[in-house]
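> just need the structure, nothing else, for what follows:
(one chain, ligands or ions: 1)
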Amino acid sequence: MLNILILRLSSLGDVTLLVPALQAIKKAYPESHLTCLVKKQYRAILDGSSLVDEVQVYEGFWPTLRALRGRQFDVLLDLHAVLRTRLLALFIHANLKHTYNKDTWKRYFMVFFHQRAKASTSKSIIQDRPQHMRHTSDRYLDALKVIGIGVDRVVVFQTAFLGDAVLTLPLMREIQKRLGPKKLCVLTRSEHAAIFEREGYETIKDDKRGGDSGFAGFWRVRNRLKTFNFDLAIIPHRSLRSAALAWCAGIIVKIGFGNSVGWWLFTRQVPFHWKEHDSERNLRLLDMLPNKPLLGSVESRIPISQEDRLAAKNIWSNIEVNLAEDFVIGIAPGSKWETKRWLAERFAALACALANSRANAKIVFLGGPEDRNLCADILNFCFSDSGFRIPDSRLLNLVGKLSLKELIAITGDLKLFISNDSGPMHIACGLGVPTVAIFGPTVRGFGFYPKGKATKVVEVDDLECRPCALHGGRACPRGHFLCMRLITVDQVLKACEEVLA
Ligand code: SF4
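Numbering: from 1, shown residues only. Have a look, this model is predicted:
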């Protein structure tokens, strides 16, 4: 049962205008206990109404505070938004407090423009003045969006890395399932848009490292967002830019993590638990909306379409891989951050050992265009006089040759996948491919570990400098790089055997 307190202390008209909001709450939460704080003279409007369970009369600041402070509410909605109600809201116990948008500044501007327009015949002043404000009862209804009522247009902010984008997919599916919004979009980087588009989600691009960098770019993205008129922004990305974009775009309800840099701009902050897996942690952002998420029953598998299957079939036939006979193993040796990359010569030794482990084994190297040089180094090690001795038809190089959609399509066909702590690792896990991940400066405790039964992390357990960075870095701050150098090829091979078993 949701225990809701509404503060509305002003006139008869305002209390009357509460009715649509009260009706909406009772319809969405029939079991809720609704308490309304009103002035004594307006008590009669709500007394005996089936919409309100309890009418609390305002008897002055201190007596009212004394009466309400001993109680615990789930939700406090301040639908008056004056100093008195803001102070009351500050001291009353409630899990979620929300103040409606009174548009005070807009009112002042309207008065200002009205005065100027009266005093002037200037056409531009008359044209520029704000024409209207939303109706008060509509703004009351807007405030209910904070508890999920009337949420039609939802946007998810995820402009971090590829892995973060993949781990946001369960959140998107859950929003679709639970809220069924008329519009569900995701704000993402152009290079990651395919991750969402292939599942049918509309994307809004934020090229924050390219054309949308700087303040002008920020404002362009803000304008892009504003045209959609979103009701609710769910913001798993913890940057100040994301929080500021949601705020500047005028999105009514903004839900993000309490440890986000821009937490103070959110309507609601959700605690961030480091130990939880990122995909589950993201679902916590929906906790205040109707029907809490059922963790565990959430669809975390990445679906593979008929179109994906066809694309994969073409790629395999182009590189002469026969899936019915070959045991295809994928290796993604890259990472955006240098310290998250295991050593190239060890990836080479691993690839050769795996290729020699079965007569039908084929190793496919995967990655983006930025990983081309790294893969060339690995292949040089394989074919040099290093003693690995491997027939070159067993080592296939698709690094930099696939689109993101194609990468997902062929990853689903792999028998085994090995990578660093990187985005392709999350794609492989999402597709249910047995996965071995090599972790250096990052740890599972950050919540970005490979998820699923057939997964394994290879790492150095007792290195006192681990972890040294949330995302990894350009160079080892200690200079010894032991977190990766201490991981042997045999350890990774053993982990591969374990996940395959
Ligand atoms: S400081 Fe330690 S954890 Fe960080 S990169 Fe160096 S060896 Fe790895």
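
> bridged to the closest residue to Tyr449 other than its chain neighbours, which residues?
Distance criterion CB to CB, 6 or more residues apart in numbering; nearest residue to Tyr449, sequence neighbours excluded, is Val457 at 5.8 Å. From N, CA and C alone the C-beta is placed, and that goes for glycine too. Legend: beta-bridge partners of Val457 under DSSP bridges are Ala437.

> go on, Thr35?
Judged by DSSP bridges, the bridge partners of Thr35 are Leu5, Glu54.

> what's the spacing between the residue nearest to Tyr449 and Val154?
33 Å (CB to CB, to the nearest Å).

> please apply the same query to Gly214.
Gly214 is 28 Å from Val154, by CB to CB.

> okay, the two: which has more neighbours?
Comparing Gly214 with Val154 by neighbour count (other CB atoms under 10 Å), the higher total belongs to Val154, at 24 against 10.

> can you pull the phi/psi pair for that one?
phi -120, psi 140 (degrees, to the nearest 10).

> quick one, what contacts it?
By CB atoms under 8 Å, 6 or more residues apart in numbering, the residues touching Val154 are 175, 179, 181, 183-185, 230-234.

> okay, now the domains of this protein?
3-105+135-144, 151-286, 306-500 (automatic domain parsing).

> closest to the ligand out of those domains?
Each of the domains of the chain has some distance to the ligand by CB to the nearest ligand atom; the shortest is domain 306-500, at 3.1 Å.

> do the closest one and the ligand meet?
Yes - Domain 306-500 comes into contact with the ligand (CB under 6 Å from any ligand atom), by way of 339, 440-441, 463, 465-466, 468, 476-478, 480-483.

> for those residues, which single residue is the most surrounded?
Gly440 (31 neighbours).

> what kind of secondary structure is it in?
Taken by DSSP: H, G, I helix; E, B strand; the rest coil, the conformation at Gly440 corresponds to coil.

> could we number from 13 for the rest of this?
In the new numbering, first residue 13, that becomes Gly452.

> in this structure it contacts His492, no?
No - using CB atoms under 8 Å, Gly452 is not in contact with His492, being 11.8 Å away.

> ok, His249 - how many residues close by?
Neighbours of His249 under the rule other CB under 10 Å: 23.

> show me what contacts it?
Applying CB under 8 Å, 6+ apart to His249 gives the contacts 169-172, 176, 272.

> how does it look with 6 Å?
The contact partners of His249, by CB atoms under 6 Å, 6 or more residues apart in numbering, come to 169-172.

> got it, and Ser202?
217, 219.

> one more time with 8 Å
217, 219, 222.

> in a markdown table, list those along with pLDDT and neighbour count.
A markdown table is the format used below for the contacts of Ser202 (pLDDT from 0 to 100; neighbours: other CB atoms under 10 Å):
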| residue | pLDDT | neighbour count |
| --- | --- | --- |
| Lys217 | 95 | 18 |
| Asp219 | 92 | 15 |
| Gly222 | 87 | 12 |
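
> looking at these, which are in strands?
Residues of those located in strands (DSSP state E): Lys217.

> up against the ligand, what does the stretch 213-362 of the chain have?
Thr351.

> in contact with Val67: list those residues for me.
By CB under 8 Å, 6+ apart, the contact set of Val67 is 47-48, 50, 55, 58-59.

> out of those residues, which are buried?
When those are checked for burial by 16 or more other CB atoms under 10 Å, the buried set is 47-48, 50, 58.

> quick one: those as JSON lines, columns for distance to the ligand too.
Formatted as JSON lines, the buried ones among the contacts of Val67 follow (distance: CB to the nearest ligand atom, whole Å):
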{"residue": "Thr47", "distance to the ligand": "53"}
{"residue": "Cys48", "distance to the ligand": "56"}
{"residue": "Val50", "distance to the ligand": "59"}
{"residue": "Leu58", "distance to the ligand": "61"}
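
> what would those residues look like in a markdown table with pLDDT and distance to His285?
Shown next, in a markdown table, are these (pLDDT from 0 to 100; distance: CB to CB, whole Å):
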| residue | pLDDT | distance to His285 |
| --- | --- | --- |
| Thr47 | 94 | 32 |
| Cys48 | 93 | 35 |
| Val50 | 90 | 39 |
| Leu58 | 79 | 40 |
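
> going by distance to Gly268, which of those wins?
Thr47 (28.4 Å; CB to CB).

> look up how far Asp59 lies from that closest one.
When Thr47 is compared with Asp59 (using CB to CB), they lie 13 Å apart.

> next: Tyr112.
From Tyr112 to Asp59 the distance is 23 Å (CB to CB).

> now Leu366
Going from Leu366 to Asp59 by CB to CB gives 76 Å.

> just Ile343 next, same as before
Ile343 is 72 Å from Asp59, by CB to CB.

> also Ile331?
77 Å.

> same deal with Gly485?
Taking CB to CB, one finds Gly485 at 64 Å from Asp59.

> Ile207 now?
To Asp59, Ile207 is 54 Å away according to CB to CB.

> now for Arg353: which residues touch it?
345-347, 386, 432, 452, 496.

> for these, which two are the farthest from each other?
Most distant of the contacts of Arg353, by CB to CB, are Leu386 and Gly452, 15.1 Å apart.

> now the strands for the stretch 63-212 of the chain?
Assigned by DSSP state E, counting those that start in this stretch, the stretch 63-212 of the chain shows strands spanning 66-70, 84-90, 105-111, 165-169, 195-200.

> swap that for the stretch 363-512 of the chain, please
Along the stretch 363-512 of the chain, the stretches classed as strands by DSSP E, counting those that start in this stretch are 373-377, 407-409, 428-432, 447-450, 467-470.

> report pLDDT for Arg81.
At Arg81, the model reports a pLDDT of 91.

> and for Leu416?
At Leu416, the pLDDT value in this model is 87.

> what is the neighbour count of it?
Using other CB under 10 Å, Leu416 has 20 other residues around it.

> what do you get for the one 10 residues further on?
Here the number of neighbours of Leu426 (other CB under 10 Å) works out to 21.

> if we ignore the residues flanking it in sequence, what's nearest Asp338?
Of all residues not flanking Asp338 in the chain, Lys374 sits nearest, at 4.8 Å (CB to CB, 6+ apart).

> please apply the same query to Arg293.
Nearest one to Arg293, counting by CB to CB, 6+ apart, is Gly459 at 5.7 Å.

> how big is the angle separating whatever helix or strand Ala360 lives in from strand 428-432?
Secondary structure from DSSP states H and E places Ala360 in helix 356-369. Counting by axes from the mean of the first three to the mean of the last three CA atoms, to 10 degrees, helix 356-369 lies at 170 degrees to strand 428-432.

> what packs against helix 356-369?
In this structure, helix 356-369 makes packing contacts with strand 339-344, strand 373-377, helix 384-395, helix 501-512, judged by 3 or more CB pairs under 8 Å, 6 or more residues apart in numbering; DSSP states H and E.

> what does that helix contact?
Residues from elsewhere that reach helix 356-369 (CB under 8 Å, 6+ apart): 341, 343, 345, 373-375, 377, 386, 389-391, 393-394, 398, 400-403, 406-407, 428, 430, 499-501, 504-505, 508.

> list the buried residues in stretch 316-334.
Within stretch 316-334, the residues scored as buried using 16+ other CB under 10 Å are 316, 320, 323-324, 327-328, 333.
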